[in-house]
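>>> I'll drop the sequence and a predicted model, then ask my questions.
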Protein chains: 2
Amino acid sequence: MCELLGMSANIPTDIVFSFSGFRKRGGERGPHKDGWGIAFYEGKGVRVFRDPSPSAESRMANFVRNYPIKSKSVIAHIRRASTGKTALENTHPFVRELWGREWVFAHNGRVPKVRKRRLKYNRPVGGTDSEHAFCWILDNLREAFPRPPRKPEAYQALIRELCERVAKVGSFNVLLSEGDYLYAHAATRLHWIVRKAPFSKARLIDEDLEVDFSDETTPNDRVAVIATAPLTDNEAWERCRRGEFAVFRDGDRIV
Amino acid sequence: MCELLGMSANIPTDIVFSFSGFRKRGGERGPHKDGWGIAFYEGKGVRVFRDPSPSAESRMANFVRNYPIKSKSVIAHIRRASTGKTALENTHPFVRELWGREWVFAHNGRVPKVRKRRLKYNRPVGGTDSEHAFCWILDNLREAFPRPPRKPEAYQALIRELCERVAKVGSFNVLLSEGDYLYAHAATRLHWIVRKAPFSKARLIDEDLEVDFSDETTPNDRVAVIATAPLTDNEAWERCRRGEFAVFRDGDRIV
């Protein structure tokens, strides 16, 4: 199994605090030692760092930890290999272009049967069931909307339906984004929180680190954080129920 | 205009020496200050670092400079914007999946008319003619070979033909790879060199740095380096003629 971390914010925000605790679960305070990755949207572009070594020791994770990249939408993943060897091509998050947008996907759980589903446009590069599921979702979105749809509501309902169809054959905790929206589908375990004014202190569970967000924010800032397990021990994280589908935008949960 | 750097090697090799000089042309010793990027293949996966800030000053370029990532196939680019604003989504190299492989593309030159060509499968995320040309090449490869072709010779002839068709409407110096092979198409300026035993010293043009490759190599090592302009002043770089198409594999030029 793996762990997921996502962020949606209304202004470009760095994820250094959350990532500091999250990465510790990759080989140090957790068993997720088979790689890690993080994707930051910046405008229509996306920066992706992926490394098949444990995030707690990775030099690249040190760099990301110390280089506050600001973004409105972030997806990160630490991996404990189930299907697919420990290799760069099996390291989440995965990225594919659809409708002239970069789509980013990370998965926690197992859906081995999804590999029987035929693909038309996208082919997996690595050997994970996760990447196959991502390709299948994008194939279906493209088949339904050969051209970029004008209204996101149209394809968002389909994303939900496709996640539910994959979830029927296994465990499908997922974070997905095309930059503006962050989609989450929960199976076994997924939590979320929205931080907004009045901001207060937050204390990491996995590292001896506390931050007072009121020092670093303006009253209009709003940040949603989604994670497999709560990252702080003094905030009220909400737990998604099984099968729950959530859509975040600009730091708010809108669905 | 921009500058290109490519490497093909028979064993995983770091590109620190060549990149050290190359990056200096990005804002310090050259005018290519509108971003830079580098892609390293690792197995079937690819690591990509892209930054819309000048490579000579970029913190991420410092990291890449000091973190010797070993790879058999590398493509790098420094950008001087002609079409498309300075933004992450307009920063080369571009990456797209085709036939279950990651394809990496970087371009130096201008081919604005290519944007009139219709696309079917791939859509540009940014606003450059370069990315449009890349999408058009991949669209044509996919159209000709809906399934992954068994023999690379079949599609390599088509890559050459497609490069030549784009080159007709502008200036098209290109590096392209799917991991095993590195393809180069020359228009105005492209040079290459193969380093193999007996290895000797090489001295960078853009930085006060000399390396004795005989200290760092075994007699079986072989590395081809392709660059817009020679990176060293004491080696015999070969200049590609206009319209020349080259294929490199395992550090050798095979076409």
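Cool, the structure landed.
>>> burial of the spatially closest residue to residue A:7 that is not a sequence neighbour, as a residue count?
Nearest non-adjacent residue to residue A:7, counting by CB to CB, 6 or more residues apart in numbering or on different chains: residue A:74, 4.2 Å away. Every residue, glycine included, has its C-beta placed from N, CA and C. Using other CB atoms under 10 Å in any protein chain shown, residue A:74 is surrounded by 30 other residues.
>>> per-residue pLDDT of the residue in the stretch 151-255 of chain A that chain B sits nearest to, please?
Residue of the stretch 151-255 of chain A nearest chain B, by CB to the nearest CB: residue A:179 (9.5 Å). pLDDT recorded at residue A:179 is 96.
>>> ok so, going back, tell me which helix or strand comes right after the host helix or strand of the residue nearest to residue A:7.
In this structure, residue A:74 sits in strand A:70-78 according to DSSP states H and E. Next in sequence after strand A:70-78, counting helices and strands by DSSP H and E, comes strand A:94-98.
>>> sorry, back to before: buried residues, the strand holding residue A:74. List them.
A:71, A:72, A:73, A:74, A:75, A:76, A:77, A:78 (16 or more other CB atoms under 10 Å in any protein chain shown).
>>> need those in CSV with pLDDT, can you?
Rendered in CSV, the data for these read as follows (pLDDT from 0 to 100):
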residue, pLDDT
A:71, 95
A:72, 96
A:73, 97
A:74, 97
A:75, 97
A:76, 95
A:77, 94
A:78, 92
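>>> bridge partners for the closest residue to residue A:175 other than its chain neighbours, pull those for me.
With CB to CB, 6+ apart as the criterion, residue A:175 has its nearest non-adjacent residue at 4.4 Å, and that residue is residue A:6. In this entry, residue A:6 is beta-bridged to residue A:75, residue A:226, by DSSP bridges.
>>> got the residues of the stretch 101-250 of chain A near chain B?
Proximity of the stretch 101-250 of chain A to chain B (CB under 8 Å from any CB of the partner chain) is limited to residues A:101, A:102, A:121, A:122, A:123, A:124, A:125, A:126, A:148.
>>> where does pLDDT dip in chain A?
Along chain A, the parts satisfying pLDDT under 70 run over A:1, A:30.
>>> would you mind measuring from the residue most central in space within it to residue A:94?
Nearest to the mean C-alpha position of chain A, counting by CA atoms, centre = their mean, stands residue A:75 at 3.3 Å. For residue A:75, the distance to residue A:94 equals 10 Å [CB to CB, to the nearest Å].
>>> which neighbours do the two have in common?
A:104, A:105, A:106 (CB atoms under 8 Å, 6 or more residues apart in numbering or on different chains).
>>> how about the residue of the stretch 51-200 of chain A found nearest chain B, nearest residue that isn't a chain neighbour?
Of all residues in the stretch 51-200 of chain A, residue A:88 sits closest to chain B, at 2.9 Å by CB to the nearest CB. Closest residue in space to residue A:88, ignoring its immediate chain neighbours: residue B:45 at 2.9 Å, by CB to CB, 6+ apart.
>>> for residue A:43, same thing?
Nearest non-adjacent residue to residue A:43 (CB to CB, 6+ apart): residue B:87, at 5.3 Å.
>>> and for residue A:130?
residue A:107 (3.9 Å).
>>> Provide the secondary structure category for that neighbour.
strand (DSSP: H, G, I helix; E, B strand; the rest coil).
>>> that one: how many residues sit nearby?
Residue A:107 has 29 nearby residues by other CB under 10 Å.
>>> not counting its own residues, what contacts the helix or strand harbouring residue A:154?
Taking DSSP H and E as the definition, residue A:154 sits inside helix A:152-167. Identification of contacts with helix A:152-167 by CB under 8 Å, 6+ apart yields A:111, A:114, A:133, A:136-137, A:140-141, A:144-145, A:149, A:172, A:174, A:176, A:180-181, A:183, A:185, A:187, A:243, A:245, A:247, A:255.
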